[in-house]
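Trainee: Kindly generate the corresponding structure for this input.
(one chain, ligands or ions: 3)
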Amino acid sequence: MKGLVMRTTGSWYKVLPEGGADNATVDCRLRGNYRLRGNKQTNPVAVGDWVDYTLYDDGTGVIAQVDDRRNYIVRRATKLSKQTHVIAANVDRLCIVAALAFPRTSTGFIDRLLVTAEAYHIPVAIIINKIDLHDPADETLFARFKAIYQDAGYPVHGVSALRGDGLEALRSSMRGQTTLFCGHSGVGKSALLNALVPGLQLRVGEVSDWSLKGKHTTTFAEMIVVDSAGGISQHPAAGAAPTLLIDTPGIKEFGMVDFKPEELSHFFPEMRTLLPQCHFANCTHRHEPRCAVKEAVESGTISTERYTNYLNIIDQIEESETN
Ligand SMILES: Nc1nc2c(ncn2[C@@H]2O[C@H](COP(=O)(O)OP(=O)(O)OP(=O)(O)O)[C@@H](O)[C@H]2O)c(=O)[nH]1
Ligand SMILES: [Mg+2]
Ligand SMILES: [Zn+2]
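Mentor: Ligands and ions are numbered 1, 2, ... in the order given. Below you'll find the predicted structure:
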């Protein structure tokens, strides 16, 4: 039988049967001798995976095979680890949830996630939550973020899960798609999903006891099915493309996986268009002469902030290559 992985908790996987008439998910384990792909990934099965499973008499199942993924978002399991962790597979869109008020998200963090999404051609939206907390300085920062990312070609939404600002536009942009929500702990990913889907009650951190770093309230990725009326559902409606949302645990640092310095600029859209104009075909846009990217930074068409993050990422790739 075929099914979609909705939640993974250690050794159990909650699987939604494909086209199932009953609304029940099946708790599955992984077949004992299932081989990890190249032993590099800490999780062989991720939320969003389609799997083949066998149903047993006691109602549980065993996953025998994972379908090839259309795409996925992957990161290093820990900062310098060679092992990787797949956050989710087969997504239509990544929403990077950030906050400027508290805890503050850096452009460096956003750019690492953007590059990873670009590598799999996953469209991205940047969601700045908690705009209800913005003081004038935050508003200035917000305007700068908007300019940087809209100029680079990404939509930016200012929202407030608490007050409701900006939710309707976000809601309609998610219809019929699988949207993955990622970001630091405490930026309000779960609160945002609760606000978007009436009836949803994901656990949200207490205001009183989370520190600057957030609290890691969500501990496992989880897929939510939205019904055609916009409410919480047990099963996607037959026929129409389902609306699926994936909540994930907060990420402290996003460690990128498997990029080469000379290909990194392909994943910065505003640089990508200029590459044919660089003098050297393998230009890394650092010290090379007659570099179109550096010229664009100097003339202000490419943001200094994005370029600086680009250089930092290259340095980090080279560092991990020599390790
Ligand atoms: N003022 C304000 N607070 C918010 C908003 N959205 C979320 N919060 C608060 O921010 C805190 C963290 O929210 P969560 O939804 O638990 O954050 P999260 O991103 O899911 O965190 P993890 O699950 O740890 O990754 C909670 O105390 C929320 O009430 C908002 O729009 N405005
Ligand atoms: Mg959460
Ligand atoms: Zn160049």
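Trainee: Please make it C-alpha for all contacts and neighbour counts, starting now.
Mentor: Fine.
Trainee: Point to the residue nearest the middle of this structure.
Mentor: Cys182 (4.2 Å; CA atoms, centre = their mean).
Trainee: Could you look up the SS state of the closest residue to that one other than its chain neighbours?
Mentor: Excluding the flanking residues, the one nearest Cys182 by CA to CA, 6 or more residues apart in numbering is Ile96, at 5.1 Å. At Ile96, secondary structure determined by DSSP: H, G, I helix; E, B strand; the rest coil is strand.
Trainee: Can you give me the distance of Ile96 to Ser233?
Mentor: According to CA to CA, to the nearest Å, Ile96 stands 24 Å off from Ser233.
Trainee: Neighbour count for the two, which is higher?
Mentor: Ile96 (22 against 17; other CA atoms under 10 Å).
Trainee: wait, doesn't the more buried one sit right on Asn129?
Mentor: No: the pair Ile96 / Asn129 is not scored as a contact, 10.1 Å apart, by CA atoms under 8 Å.
Trainee: what lines up beside the helix or strand of the chain with the lowest mean pLDDT in the sheet?
Mentor: Least confident helix or strand of the chain, by mean pLDDT, DSSP states H and E, is strand 232-233 with a mean of 80. Take DSSP bridges as the rule and strand 232-233 pairs in its sheet with strand 222-226 (antiparallel).
Trainee: Mind listing residues that contact the partner strand?
Mentor: 6-8, 47-48, 197, 232-236, 242-248 (CA atoms under 8 Å, 6 or more residues apart in numbering).
Trainee: Just the buried ones among these, please.
Mentor: Burial by neighbour count, 16 or more other CA atoms under 10 Å: within those this picks out 6-8, 47-48, 197, 232-233, 235-236, 242-248.
Trainee: Out of those residues, list just those in helices.
Mentor: With helices taken from DSSP state H, there is no overlap with the buried ones among the contacts of strand 222-226.
Trainee: which one is Gly158 nearest to, not counting chain neighbours?
Mentor: Closest to Gly158 by CA to CA, 6+ apart is Ile128, at 4.8 Å.
Trainee: Distance from the chain centre to stretch 245-263, please.
Mentor: Taking CA atoms, centre = their mean, to the nearest Å, one finds stretch 245-263 lying 8 Å from the centre of the chain it belongs to.
Trainee: Identify each buried residue in it, please.
Mentor: Buried-residue list, stretch 245-263, by 16+ other CA under 10 Å: 245-251, 253-257, 259, 261.
Trainee: What strand or helix carries Ile313?
Mentor: Assignment of secondary structure by DSSP states H and E places Ile313 within helix 304-322.
Trainee: tell me which parts of the stretch 101-250 of the chain are close to ligand 2?
Mentor: The interface of the stretch 101-250 of the chain toward ligand 2, taken as CA under 5 Å from the ion, is made up of Ser190, Thr218.
Trainee: just for the stretch 101-250 of the chain, where's the confidence low?
Mentor: Scanning the stretch 101-250 of the chain with the threshold set as pLDDT under 70 gives 207-214, 237-239.
Trainee: Can you show me the helices along it?
Mentor: If DSSP state H, counting those that start in this stretch is used as the criterion, the helices of the stretch 101-250 of the chain fall at 107-119, 136-152, 167-174, 189-196.
Trainee: Can I get these in JSON lines including distance to Thr322 and mean neighbour count?
Mentor: Below are the helices of the stretch 101-250 of the chain laid out as JSON lines (distance: least, CA to CA, whole Å; neighbours: other CA atoms under 10 Å):
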{"stretch": "helix 107-119", "distance to Thr322": "20", "mean neighbour count": "20"}
{"stretch": "helix 136-152", "distance to Thr322": "31", "mean neighbour count": "15"}
{"stretch": "helix 167-174", "distance to Thr322": "41", "mean neighbour count": "14"}
{"stretch": "helix 189-196", "distance to Thr322": "36", "mean neighbour count": "22"}
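Trainee: for those helices, which one sits closest to Lys79?
Mentor: helix 107-119 (13.1 Å; CA to CA).
Trainee: What angle do helix 136-152 and that closest one make with each other?
Mentor: Between helix 107-119 and helix 136-152, the angle comes out at 30 degrees (axes from the mean of the first three to the mean of the last three CA atoms, to 10 degrees).
Trainee: Remind me what helix 107-119 packs against, helices and strands.
Mentor: In terms of contacts (3 or more CA pairs under 8 Å, 6 or more residues apart in numbering; DSSP states H and E), helix 107-119 is packed against strand 72-76, strand 93-99, helix 304-322.
Trainee: count of residues packed around the nearest residue to Cys28 once chain neighbours are set aside?
Mentor: Leaving aside its sequence neighbours, Cys28 sits nearest to Gly61 (CA to CA, 6+ apart; 4.3 Å). Counted with other CA under 10 Å, the neighbours of Gly61 add up to 23.
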